[in-house]
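Participant: what would the 3D arrangement of this be:
(2 chains)
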Amino acid sequence: MAEPTTRVKVTRTRGICVVEFSDRKILDELCIQEIQDELMKLVDSEPKIKLLVSFGNVDHLASAALGMLITLNKRVQEKGGVLKLSNIRSQIFEVFKITRLNKLFDIHDTAEQAQASF
Amino acid sequence: MSRSSSIEPDVPLQEMVVESTLSAAKKPEAAILSEVERCGYSEDDIFAIKLSLEEAMTNAVRHGNRCDASKHVTIRYAVTPERTIIIVRDEGPGFCPDRVPDPTAPENIERPSGRGIMLIRAYMTHVEYSATGNEITMVKVNER
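Facilitator: This is a model prediction of the structure:
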């Protein structure tokens, strides 16, 4: 069942929260802060969350969005949950590789592969 | 016009001065990217210039001018089919880019900030800071 929010769409599949972004560009700091607030609320409301963030809709992001993901990952781990990422297009995956965050995050090619790995 | 960069442009630079806010920064970004697209750069080059410009403007507003909306950011640029030159200057005290911690070091990898400069250096062909540290010159050569 979809739960519409301002910046993200959250669906639940077999106990996994799947997050997709409403915006194609995650650039603006205000937008990034709003996304972070929504995702933190989600993580706080669901201890030991299995959280999958899909970037299928995203074609651009700023380094502040990487910071948001790092902060989110810490919170998920504090709450005993697991965060995975998927559907990152090649241009954006390159950003993860340059910053070596591809080693920090558990990244899968597709949402299906990520869901199967929880 | 004094220049502290050794990356000398061979075409006249256009200049825009905007308020030091992230929303005002969108205007020069749109103008520059429109010219980049018109000049036939590849998708990857457009992605690189857009990301670098976004990071440079954010750094100028947030770190240079410390979010003081009474200050300004000056952007000078030239876009030709051969290369794009962008110079972003803030009114802050400047900084020493060599002292910015390596965000890929194990002790820094989980820090939520500090990756903008690294990304600019990775994506642009040439990057140079002024001696005062409040002006960055970025060049992207069109590889097509």
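
Participant: and whichever residue of chain B sits closest to chain A, how many neighbours?
Facilitator: Closest residue of chain B to chain A, C-beta to the nearest C-beta: residue B:112 (3.4 Å). Every C-beta, even on glycine, is put in place using the N, C-alpha and C of the backbone. By other C-beta atoms under 10 Å in any protein chain shown, 18 other residues sit near residue B:112.

Participant: do residue B:16 as well
Facilitator: Neighbours of residue B:16 (other C-beta under 10 Å): 14.

Participant: buried residues of the strand or helix carrying it, list them for me.
Facilitator: For residue B:16, the element it lies in under DSSP states H and E is strand B:14-19. Residues B:18, B:19 are the ones in strand B:14-19 that count as buried (16 or more other C-beta atoms under 10 Å in any protein chain shown).

Participant: can I get that strand as PDB, trimmed to CA atoms?
Facilitator: Presented in PDB, the C-alpha positions along strand B:14-19 are these (Å, rounded to 0.1, in the frame of the first residue of the first chain):
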ATOM      1  CA  GLN B  14      30.300  36.800 -19.200                       C
ATOM      2  CA  GLU B  15      29.700  38.000 -15.600                       C
ATOM      3  CA  MET B  16      26.700  37.500 -13.300                       C
ATOM      4  CA  VAL B  17      26.500  38.700  -9.700                       C
ATOM      5  CA  VAL B  18      23.800  37.100  -7.600                       C
ATOM      6  CA  GLU B  19      22.600  37.300  -4.000                       C
END
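
Participant: show me where the chain dips below the pLDDT cut-off.
Facilitator: Defaulting to chain A. A:1-5 (pLDDT under 70).

Participant: not quite, I wanted chain B
Facilitator: Ranges of chain B meeting pLDDT under 70: B:1-9.

Participant: could you verify that residue A:84 is part of a strand?
Facilitator: Yes. Looking at residue A:84 with DSSP: H, G, I helix; E, B strand; the rest coil, it is inside a strand.

Participant: show me what contacts it?
Facilitator: Going by C-beta atoms under 8 Å, 6 or more residues apart in numbering or on different chains, residue A:84 touches A:51, A:52, A:53, A:105, A:106, A:107, A:108, A:114, A:117, A:118.

Participant: who does the residue nearest to the fifth one when sequence neighbours are not counted bridge with?
Facilitator: What it means is residue A:106. Among residues not flanking residue A:106 along the chain, residue A:84 sits closest, at 4.6 Å (C-beta to C-beta, 6 or more residues apart in numbering or on different chains). Here residue A:84 sits in beta bridges with residue A:52, residue A:106, going by DSSP bridges.

Participant: can I have the buried ones of the contacts of residue A:84 as a PyMOL selection?
Facilitator: The buried subset of the contacts of residue A:84, as determined by 16+ other C-beta under 10 Å, is captured in PyMOL by this line:
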select buried, chain A and resi 51+52+53+105+107+108+114
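
Participant: so how far is residue A:112 from the residue nearest to residue A:106?
Facilitator: 12 Å (C-beta to C-beta, to the nearest Å).

Participant: same question, residue B:49
Facilitator: 34 Å.

Participant: just say helix, strand or coil for the most centrally placed residue in chain B.
Facilitator: Compute the mean C-alpha point of chain B, and by C-alpha atoms, centre = their mean the closest residue is residue B:56, 3.6 Å away. Local secondary structure at residue B:56 is given as helix here, using three-state DSSP.

Participant: same check, this time on the one 4 residues further on
Facilitator: For residue B:60, the secondary structure call by three-state DSSP comes out as helix.

Participant: if we can go back for a sec, ok, the strand holding residue B:16 near chain A or not?
Facilitator: No. Shown here: strand B:14-19 not in contact with chain A (C-beta under 8 Å from any C-beta of the partner chain), separated by at least 15.6 Å.

Participant: which residues in chain A form strands?
Facilitator: Shown for chain A, the strands assigned by DSSP state E span residues A:3-4, A:8-13, A:16-21, A:25-26, A:50-54, A:60-61, A:82-86, A:106-108.
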